[in-house]
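1. how would this look folded up:
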Amino acid sequence: KALLLLKKKRYQEQLLDKTENQISNLERMVQDIEFTQIEMKVIEGLKIGNECLNKMHQVMSIEEVERIIGETQDAVEYQRQIDEILAGSLTEEDEDAILEELNTITQEQVELPEVPSEPLPEKIPGTLPF
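-> Numbering: from 1, shown residues only. As a prediction, this is how the structure comes out:
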């Protein structure tokens with residue numbers, strides 16, 4: 001009877017080991033499936049992103065971007081020329097007259113009003129300042 005019980009125990013242990021291995025395999029399979037699902041989502045996202053980039057490339061070609069950049073540079077250059085013309089519109093005589101007027105203004109003695117000598121009235125709490 002003891003031999004039979006030992007054989008039964010051994011059988012149960014082997015059955016338990018097989019069951020644990022199967023559970024471990026199942027857990028690995030579940031992890032692999034979950035990881036594959038994540039990979040599929042990433043690939044789908046890349047596919048959508050690639051389609052969007054292709055649509056953008058159809059709308060805007062390299063030549064179009066270069067044309068826009070060229071037009072922008074031309075506009076900046078044109079504005080710079082306008083600024084130079086406006087800045088240079090004063091003649092040398094005008095510049096001299098402006099400098100002389102500035103010197104005259106800075107050399108004049110300006111009469112400032114006298115400072116009152118009476119003390120300021122005290123503020124009464126709870127009243128308006130005026």
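2. I'd like to know how far Glu108 sits from Val115.
-> For Glu108, the distance to Val115 equals 21 Å [CB to CB, to the nearest Å]. Where C-beta positions appear, they are placed from N, C-alpha and C, glycine not excepted.
3. actually Thr104, not the one I wrote
-> 27 Å.
4. Tell me which of the two has more neighbours.
-> Comparing Thr104 with Val115 by other CB atoms under 10 Å, the one with more neighbours is Thr104, at 9 against 5.
5. Give me the mean pLDDT for the host helix or strand of the more buried one.
-> Using DSSP states H and E, Thr104 sits in helix 92-107. Averaged over helix 92-107, pLDDT sits at 82.
6. Give me the distance from that helix to the chain's centre.
-> 49 Å (CA atoms, centre = their mean, to the nearest Å).
7. Low-confidence ranges, this structure, go.
-> In the predicted model of the chain, residues 88-90, 110, 123-130 satisfy pLDDT under 70.
8. top helix in it by residue count?
-> helix 2-59 (DSSP state H).
9. Pull out the buried positions in whichever helix or strand comes after that one.
-> Using DSSP H and E, the next helix or strand after helix 2-59 towards the C-terminus is helix 62-87. Judged by neighbour count (16 or more other CB atoms under 10 Å), helix 62-87 contains no buried residues.
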